[in-house]
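Undergrad: sequence first, then the predicted structure:
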Amino acid sequence: MKSFALLHPTSIFSTSPEYLHPEGTDKCKELLAYVDLLETNKPYLVNAVRVPALQTISLFSQSLDTNNDCTRLIADSWLELKFPSAEVGERVVERSKEDRFHDDFDDTSKTAALETLLASKLAEFLDSSFPYKLGQLSAAGKEHLYKGPPPDNQEAEAVSKEESKESDTVKPDMKRHPLKGGWAITDYLTYDCLDDGTSSTLSSSDHISRVWSCPQCEQRLAVTLVEQLQHQATCKKDMEQVAEQDLAAKSVDPTHLKSYHCPVCEQTLQLTPIDILKHKPRCCLQKLKSAIWMSTKMVSLFDLKCPKRIYL
C-alpha cells in the first residue's frame, strides 16, 4: 500500500468534500472504503464510499487482539478501539465473531437459507450503535503492545494445565498464541494478549464463571469469557437449524401443484403456477444451448473432413 493516496477527481467526495463530514447529531465515526486503486503518476482511490468504522474494522481486519476484559481492541496492530465498559467490548467481539462465520457446508440445499441468515445478521450489526473511541497507535505504543509468551515454556504449559482444570468446557486444542500471548480463539481473534501493565500472568476474569445463554444452540452454560468466545467459534447449530426451518417453511403444499406438459422438453411435471412461468424460458434456453452445441460439433466435424477449406 502506498504511503499516500488521493481521491479520484471524478469522485463525489473530491468535488464535494462536505459529504465527508458525518451527518446527524450522533456523528457516528466513519471510514472511507474504496474498490480499486488506480495508479498513474499518483495513486488514486476509485469508487470510494463511507462505511461505519467499528463494524468495518471488526468484520474485515486481518487480526483482532483484545485485553483481558475486552475494553481495548487492536485491529491489524495499528488501529485502537476503546470501549467504556467490558459489556460493550464483549458484545462487539461477540457480534463480529457471529457475522464473520464462514465454513463449507456439505448440504448445498441450505446455501440460500444460510446466505439469507448471514445477510440479516450483517444488516442488524451495521445498523447497531456502540459507544467507543477510535485512534491510531503511536510508535511507543507499538513497542509494548503484546504480553508475549511466558519466558519459560514449562511455565506456559503449567499455566495452560491450571486453567484447563477450572472448567470442563475448555477444549484440548485451545492454545496460547506463540508470539502475542493470550488465547488464540480463531485464526484472526486473539483474546487477552494486549499488555495493559498488569504483571500477573493469570487475571481474575480468567477464573470467574457466569451463566450465559448461547444464542446459537440455546444452551445455558457456566463459562468464563474465554470459554464463551471459544464456544461461539465452534457452535454452528444455529446456522443449520435456521436453514432447515427455512427449507421447511418453503415446502410447497401439494394442493397448489398443477400438472403441466412442457412442449419443449416433452415432460409432464407437477409445478406451481410460478414455477411453470420459470420453467418455460429456462427450458427454451437449455434447448437453444443444446442446438448451438450440436451445430458447433457438426462444423468441427466438417472441418476435419475438409482440411483444405479456405475461410474468407
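TA: Structure's in. What do you need?

Undergrad: all helices for the stretch 101-250 of the chain, in order.
TA: Assigned by DSSP state H, counting those that start in this stretch, the stretch 101-250 of the chain shows helices spanning 111-127, 139-143, 153-164, 225-234, 237-249.

Undergrad: mean pLDDT for those: which is lowest?
TA: Ranked by mean pLDDT, the helices of the stretch 101-250 of the chain end with helix 153-164 in last place, scoring a mean of 51.

Undergrad: for the protein, name the helix or strand with the lowest mean pLDDT.
TA: The helix or strand of the chain with the lowest confidence, counting by mean pLDDT, DSSP states H and E, is helix 153-164 at a mean of 51.

Undergrad: which strand or helix spans the residue lying closest to residue 7 once chain neighbours are set aside?
TA: Closest residue in space to residue 7, ignoring its immediate chain neighbours: residue 14 at 4.3 Å, by Cβ to Cβ, 6 or more residues apart in numbering. Placement of C-beta: from N, CA and C, glycine included. Element membership of residue 14, judged by DSSP states H and E, is helix 12-15.

Undergrad: which secondary structure elements does the helix or strand that that helix is followed by sit against?
TA: Later in the chain than helix 12-15, the nearest helix or strand by DSSP H and E is strand 30-33. When contacts are defined as 3 or more Cβ pairs under 8 Å, 6 or more residues apart in numbering; DSSP states H and E, strand 30-33 packs onto strand 49-52, helix 53-60.

Undergrad: give me the contacts around the very next helix or strand once past the longest one.
TA: Following the chain from helix 53-60 toward its C-terminal end, the next helix or strand by DSSP H and E is strand 64-66. Strand 64-66 is touched from outside by 58, 72-75, 77, 89, 93, 96, 145-146, 180, 182, 188-194, with contacts defined as Cβ atoms under 8 Å, 6 or more residues apart in numbering.

Undergrad: which of these fall in strands?
TA: Cross-referencing the contacts of strand 64-66 against strands under DSSP state E gives 72, 73, 74, 75, 189, 190, 191.

Undergrad: and which of the residues you listed is nearest to residue 121?
TA: Relative to residue 121, the closest of these is residue 189; by Cβ to Cβ it sits at 17.1 Å.

Undergrad: tell me how far that closest one lies from residue 46.
TA: Noted for residue 189: a distance of 31 Å to residue 46, by Cβ to Cβ, to the nearest Å.

Undergrad: who's in contact with stretch 119-128?
TA: 52, 55, 59, 95, 96, 98, 99.

Undergrad: identify each buried residue in that stretch, please.
TA: 121, 122, 125 (16 or more other Cβ atoms under 10 Å).

Undergrad: the first one and residue 96, how far apart?
TA: This means residue 121. Residue 121 is 11 Å from residue 96, by Cβ to Cβ.

Undergrad: follow-up on the earlier one: please pick the buried ones from the ones in strands among the contacts of strand 64-66.
TA: With burial judged by 16+ other Cβ under 10 Å, the buried subset of the ones in strands among the contacts of strand 64-66 is 72, 73, 74, 75, 189, 190, 191.
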